[in-house]
Structure formats: C-alpha cells, structure tokens
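Visitor: What follows is a protein structure lacking sequence information:
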C-alpha cells in the first residue's frame, strides 16, 4: 500500500452530487433528557473522507449509529445515492461499519470473517473477492488464523477488510484507532486512509482526537452537545474557527476580548488586524504560533508598561518552545522558535504576528 | 446503559417471554380458582381449622431450625476453608459442597439403611441405632443436605472481604474476636440472607424428607390430602398457604437487603487477607469438616454399598424394573432440558440485551416457577390441566412442561453468562453485512452460546432426574422413575430394593457436581 498524497481536498461540494446527505437528525434516548443528537445536517461527496470530531459524550458515535441504522432517529432524514435510507433496516443499507473494539467473530477465521458479508456470491467468486480484499490489507498469510491469534493492528485490518469486502460506497469508522498503541496508530491511520482513497470508498471517522481528525479527513465537522458547531476542511476549521469551543478544541489558542471596528480591533494586546470584518465587542482567537515575545523597550525610555508581561513557564520541546506568559490578569500561550532566550520571571513584550479570528460577537 | 431504555423490544421475543410468564402464572390462577370454590361456611371451617395452625407451627419451626443449625455448621466451615492456612482447601471445599448433589430422600434412605433393626450400624455395633424421625430427623437431614447453599455464599463473601477494614479495626484497638463480630459479620449479611433464602425455599418445598421421616409440614399435608382422602379444596388451600409463606420469605429477604449498603468506599483495590494459622485448632477443624462429610456422604454411600452387596438377589430379579425406570427418568428429563433451554434463551436474551423494568419483570417470572413449592405447583398444574387442557392431564407432556417451568431459572444462568461474553457489536456487525436480525443472532451470537446452552440443558436434565414431588403428582399412572422408586421402597423399608436406584441417582448427581464445578472454574 503506498500512500497517495496527490489528492486535493474538496472544500465544498458544489458541482459534485453528494453520496450521503444527512438532514436535521435528532435523537433522544429519554424524554426527560436533552437530545443526544440535535438537528445534525451535513453532506458528503463520493469517496470523501469525513470526520466527526468532538469530546466524549457529544453525540458523535450516536450520529454514526443513526446513519448505520443501529439506532432510529426521532426525526430527520438520511439519503444515500438519492435514496431515502431513514426507515430502512441495517442490513438493507449497504453501509460498512468498523467498530471501536472491531467486533470480529471469535468463532470464525480471518477468512470466515471477511467472507461473512459475501454470502450472495458463489464459492469461486467469493473466494476470489476475499483473497483480493485480504491482499489489499496485507493479511493473506493470516487467513486461517482466529481473530484471537492476531495483534491489535492486524485485527483492525481484518475489521476493515470485512467492512469493505461487500463493496460499500461508504464505511463508518467508530474510533477505530483508539485501541491501538501510539506507535501503531499513526502508521495504521496512514494505511487505512490510503486504502480508502485507493478503493474510492467514502468514510466517516468518529474521533475525539483532533490531530487524528485533522490529518485523516478531507473535511471535518466539530460536534458539541449533540450539535455541529462547524464544518469545513481541516485548514478552514483550524485557521477560521467560528466559535470559542472550536478554537479551543482544535489545539491551543488564546481567547482575547476586543472592540472591533471593521478589519481592526482594540485589545489589551494593542491593535490587531482581523481576518473578517466586525463591529463592536468581540472575542478573538489567536493561535500560540501567532504570538511572539520580545525584550521590553524600557531601556529606550519609552513607556510601554501596559504591553508587558512576565514569563511564567518555559516548555522546551526540541523543534519549538512554548511559553506561558502572565499578561495583565490573563495568561497567554506563546509558541516560539527553540532558540528564544527568555526564562520564567523575565519581563517580555508580546507581539501579534497573525490576523486574529473573530470567534464571538456581541449582538 | 441509558440508550437501551427506549430500545423497543422485538415482538417475537416479547411474545415468547409473555408466554412463559403465562405458563407459570396460569396454573397458580387455577389454584386460586379451585380454592375459591369453597362454600362460605366451608371456607371458614377450612381456613380456621386448628390443624392449619399446627402445620404452620411445624413448618416454621423446621424452617427456623434448619436455618439456625446450618448457619452454625456453615459459618465455621466457610471461615476454615477461606481464611486459615488449612491445607488442600480446594479439595475440602469440593467435599463440603458435594452433599448438595445428594437428594434429601437418598439421604433419608442412607440413614434409614444404617439405623434401626437390620441397619449396618447394628452389624457394626451390635445394637440397633435409633432411626431419625419426626422433627429432629427432618431437621438433621435437611441441614446436612442444604447447608452447602450457605457455605458457598459465606465462603465467597469471606474471600471477597477487604483485609484493610479488619486491619483498621485492629489498629483502632479491637481484639480479633471483636473484629469478627463488629466488622466481618456485618459484611457477611448479604451472603447470609442469600444462603438463608435458598435454604428456606428448599425446606418449604421439600417433600421427600418430611414425608419419609413423617414430620407434618404443609408439603406433607398436601401430599396426604392428595393421596388419601383427596379433599381438593382443602389441598388447594394448603397449597395457597404454603405459597403465601414462601412469598413472605421472599419479601422478608428483599426488605433486609434493601437497607444494606456495603460496597467498598474509597479508591484502590481490595487487598488479599493474611491467612490465619490454625495451630491448636487444626484437629477440631478437621473434626468439624468431617461431621457433614460423614453424615451426608459417607453414611449414604455405605448404605448403598451395604444393601447392594448384602442382598444381591432381591434386585437381580428387578433388573428389568431398574432399566425401565431409568428409561422413564431420561424420557421425561431430556425433553424437559430441551424445552427449558429453548425458553431460557429468549428470556436471557431479553434481560441482557434489552435491560428495562419490563424485561426484568419478565425474567423474574422464570423464578416464580422455581420458588413455588413443587407440590403446590404440581397441584396447580393438575387443576389447570383438568379444567383448561384436559387432554394433557396425566400425560408425559404435562410432566415435561412442569419440569421445564420449574427448572427454567437454572437454565437461564449459564445462557445469561454466555450472552454477557458475546458483545452485541457482533450482531450489529452481522446486520451491517446484510443479515436480518434472526439470521444475525444465529450466525454471530449463537455459535458463542453453544457451551452455555449445553450447560443449561445438562443442569436441567440432571436436576429433573433427581426431582421427586413434581414427578410424584404429575407422572402418568404407573410411570415410575428412579426417584419415585427410591422414595417408594424407602417408605416401605425395602432398602435392598432401593439401593441400586439410589446408586444410579448418586451417579447422576456426581455428574451434576462435576458439571457445576467445571462451570465455576471457567
């Protein structure tokens, strides 16, 4: 399996017909509790890899199970390839599912597991298909083993092989990498992505790991409290978070209040340039790499005390360096190059080097 | 898990579960119907009969006596086999549990064959040993063959106790016997209640022992009513009173358990306890353990061997009879095992996969059949079949149904634990690969349940072979099984004739124990 790096992300779906369209899905497990999934809508292009990202308990797995048909939505619709799947039983949806714990049949061999979904094929064709899929995931030599005799990574690949063997247009992956150890996770992730791209199968990945979602998906949706907060390409969502939650969930950020006037805003850090126009009180997000530190100007006789902070901690990570800086009554996180010279207790100036993103506006 | 709260239960499953519930409840309804046929003046006479009070007194006295005596016996045994440096704890534990497998009526056969004129004790000692009869006889025999219920529960509880609690008490200045009273014993409460309940159900349901030692409890009185005068209305009333008594026992137990909260508080895992050296108590400990082993295992075995060897002629002629009743036992028990497992499967599935108040209630109905004293249940089934389904009366089918419903609770256990080991994701995986719900269950889950189902069937089969009161009342005319033959011969003091049947039952029981131990080890 060689990774394919050539593909370009499709930022939106204009021009292509979606293979999956999810419309205002809502699901409650108990009448007295708030809905677990609330008005969730999104679309997916053919062979697109989509990720649902959110903290545990945000409803992302339930959304996945609604699409698969394991749970029935209270309202909303699911369309695939122009067909309404909403009330259809699981077995008639033709959607593959890879479970977090793989759910391999312990009484069947690897071959038996992969062949399980191929019973409509006759003996010869089925055998051919199983072998084809097994060689795709590189497990041909293990075909007679029982799942219990395989390593975690191998089980993971059997689960994927079993799900894609019947040739679905879409597979759903429910935190499939979370039970692998860190070293294996990265490589398995790359392999799975390459395999999906190679066979042109669309996929929805559910994960709480933002790094995984950013690197795996063509597009992703950030979910919180049963609702989608933002949908977009990884770059969009990372650089243009629309809510404070999205900004904080996709990596570290500094949230700073300010008073906007068009493309500029006055903030405790001084005047900032904004990504988008805004008016009035706003909440701004600045990634740590958008800030930098400099020595105070005190020796030049210029009074700029209000723009000075104190270094609280210094975390050296080799390829870069992270400072926590006390600035007025707030703490800032600043990412610097590894040779940056400041230590805890030093007085520093905080410089803004990037455009700030408006993540909250007062109405 | 919350999601399952609203998951709709498939209709097919619900139908089977409701059918089982109906099959258990309907006969009891007929029992009430029958009892209600009494004329008002007759009713007063029946219910307020002085004899009822006497039966109640006897039954409760036996119940309390057996519970007290088995606690006295089982508590030290459980402690010795769990908390001391006794060697060969596992072997001792198995030996101490074994009496559970010997049916009470075989126990009585063992004692009767040993005592009195012609008993082997007379041969050994030169004078006849008194026969255990009446209250003391019933008390002794029932204690010897039911204490393991309590022993097992207490032992498990003692092994599960957190040593840290006892050590804290010691460090706060309590002596070791004070620690036992104030720390250990309170924590054993749930185990005590569970064991007492099982023993209580057994004593209330017992027919074999009380009838052979001729101690008049409700069960024995029902039998007398049925076999001699057969005043059906009075028999129905006696059954209802017995069921009421059983119900009160169950209620009492749940009340006692409700007020308990004994889960571990705090973080960290419980530590293993240090073993107490027996020291000077070694010999008394061995003697204490030998007491029930001799009484419940050695005595019956010697009786069986003695009477089989001493009088071979009496049963050689009866070989055909032995084979016939063996065949009869199997013929009734094997289909019962099949039916019970077949009914237990949907009930267990419902309980495990659709946990809700309704499914719990439905699963509980299986236990009604188990808790209802067998004589009362048999009588209820007779009334039901006479009025509702006359073509079933006095047929093997009715006996099989009775076995299946009575032992359903035993069948659910192994299937349920097997189900817990088969994650529901497997069926979902099969569904997502194009299988309909039933196919998905058969292809993905059932292969993993096979051992559990087999264990269930074996349990019910072996229990049904040993069963006496249901067989007694419900078997077709002239249909004698191993258990009814032993009871019959023993009550006539024909010990040589009874011995080979007892041998066969003991062999079946040994299989049962082996099976249970194998189950427990997994």
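Guide: Done, it's in. Please read all numbers here as calculations on a predicted model, not as lab measurements.
Visitor: List, one by one, the residues from chain A near chain B.
Guide: Where chain A comes near chain B, counting by C-beta under 8 Å from any C-beta of the partner chain, the residues are A:28-30, A:33, A:62, A:68-71, A:89-97, A:99, A:101, A:103, A:105-107, A:116-117, A:119-120, A:162-163, A:166. Just so you know, the C-beta spots here come from the backbone N, C-alpha and C atoms, and that holds for glycine as well.
Visitor: Report the buried members of those.
Guide: Buried subset of these (neighbour count, 16 or more other C-beta atoms under 10 Å in any protein chain shown): A:28-29, A:62, A:68-71, A:90-91, A:93-97, A:99, A:103, A:105-107, A:116-117, A:162-163, A:166.
Visitor: Give me the subset of those lying in strands.
Guide: A:96, A:97 (DSSP state E).
Visitor: which residues touch the strand or helix carrying residue B:123?
Guide: Counting by DSSP states H and E, the element that carries residue B:123 is helix B:120-125. With C-beta atoms under 8 Å, 6 or more residues apart in numbering or on different chains as the test, helix B:120-125 has contacts from B:113, B:114, B:115, B:116, B:128, B:129, B:302, B:303, B:306.
Visitor: Now intersect the buried ones among the residues of chain A next to chain B with the helices, please.
Guide: Using DSSP state H, A:62, A:68, A:162, A:163 are the members of these that sit in helices.
Visitor: The second one contacts residue A:92, correct?
Guide: Put plainly, it is residue A:68. No. If you go by C-beta atoms under 8 Å, residue A:68 and residue A:92 don't touch, sitting 11.8 Å apart.
Visitor: Show the model's pLDDT score for residue 128.
Guide: Looking at chain A here, since you left the chain open. For residue A:128, the pLDDT comes out at 94.
Visitor: nope, chain B please
Guide: So, for residue B:128, pLDDT stands at 79.
Visitor: Counting neighbours, what do you get for it?
Guide: Other residues lying near residue B:128 total 14 when counted by other C-beta atoms under 10 Å in any protein chain shown.
Visitor: Skip the chain neighbours and tell me the closest residue to the residue in the stretch 151-300 of chain A that chain B sits nearest to.
Guide: Residue of the stretch 151-300 of chain A nearest chain B, by C-beta to the nearest C-beta: residue A:166 (6.4 Å). Nearest non-adjacent residue to residue A:166, counting by C-beta to C-beta, 6 or more residues apart in numbering or on different chains: residue A:117, 4.3 Å away.
Visitor: quick one: residue B:100 from chain A, how far?
Guide: Applying C-beta to the nearest C-beta, to the nearest Å, the value for residue B:100 to chain A is 33 Å.
Visitor: which residues sit in contact with the residue nearest to that residue when sequence neighbours are not counted?
Guide: Of all residues not flanking residue B:100 in the chain, residue B:148 sits nearest, at 4.2 Å (C-beta to C-beta, 6+ apart). Taking C-beta under 8 Å, 6+ apart, we find residue B:148 in contact with B:74, B:96, B:97, B:98, B:99, B:100.
Visitor: What score does residue B:148 have for pLDDT?
Guide: Note on residue B:148: pLDDT of 93.
Visitor: which regions of chain A sit below the pLDDT cut-off?
Guide: Along chain A, the parts satisfying pLDDT under 70 run over A:1-16, A:298-306, A:363.
Visitor: One more: the stretch 51-200 of chain B?
Guide: Along the stretch 51-200 of chain B, the model assigns pLDDT under 70 to residues B:173.
Visitor: Recalculate using a threshold of 80.
Guide: B:117-118, B:126-128, B:161-179, B:182 (pLDDT under 80).
Visitor: how about the strands in it?
Guide: Using DSSP state E, counting those that start in this stretch, the stretch 51-200 of chain B contains no strands.
Visitor: swap in the stretch 201-350 of chain A?
Guide: Along the stretch 201-350 of chain A, counting by DSSP E, counting those that start in this stretch, strands occupy A:202-207, A:219-224, A:227-232, A:254-267, A:270-286, A:291-294, A:308-316, A:321-327, A:330-336, A:347-352.
Visitor: As a check, name the ranges of all strands in the stretch 1-150 of chain A.
Guide: Taking DSSP E, counting those that start in this stretch, the strands of the stretch 1-150 of chain A run over residues A:20-27, A:37-44, A:49-53, A:75-80, A:83-84, A:96-98.
Visitor: if I look at the residue nearest the centre of chain A, how far off is residue A:181?
Guide: In chain A, the centroid-proximal residue (C-alpha atoms, centre = their mean) is residue A:213; its distance is 2.6 Å. Here residue A:213 is placed at a distance of 19 Å from residue A:181 (C-beta to C-beta, to the nearest Å).
Visitor: want to throw the ones in helices among the buried ones among the residues of chain A next to chain B into CSV with distance to residue B:342?
Guide: As requested, those are exported to CSV (distance: C-beta to C-beta, whole Å):
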residue, distance to residue B:342
A:62, 35
A:68, 31
A:162, 31
A:163, 34
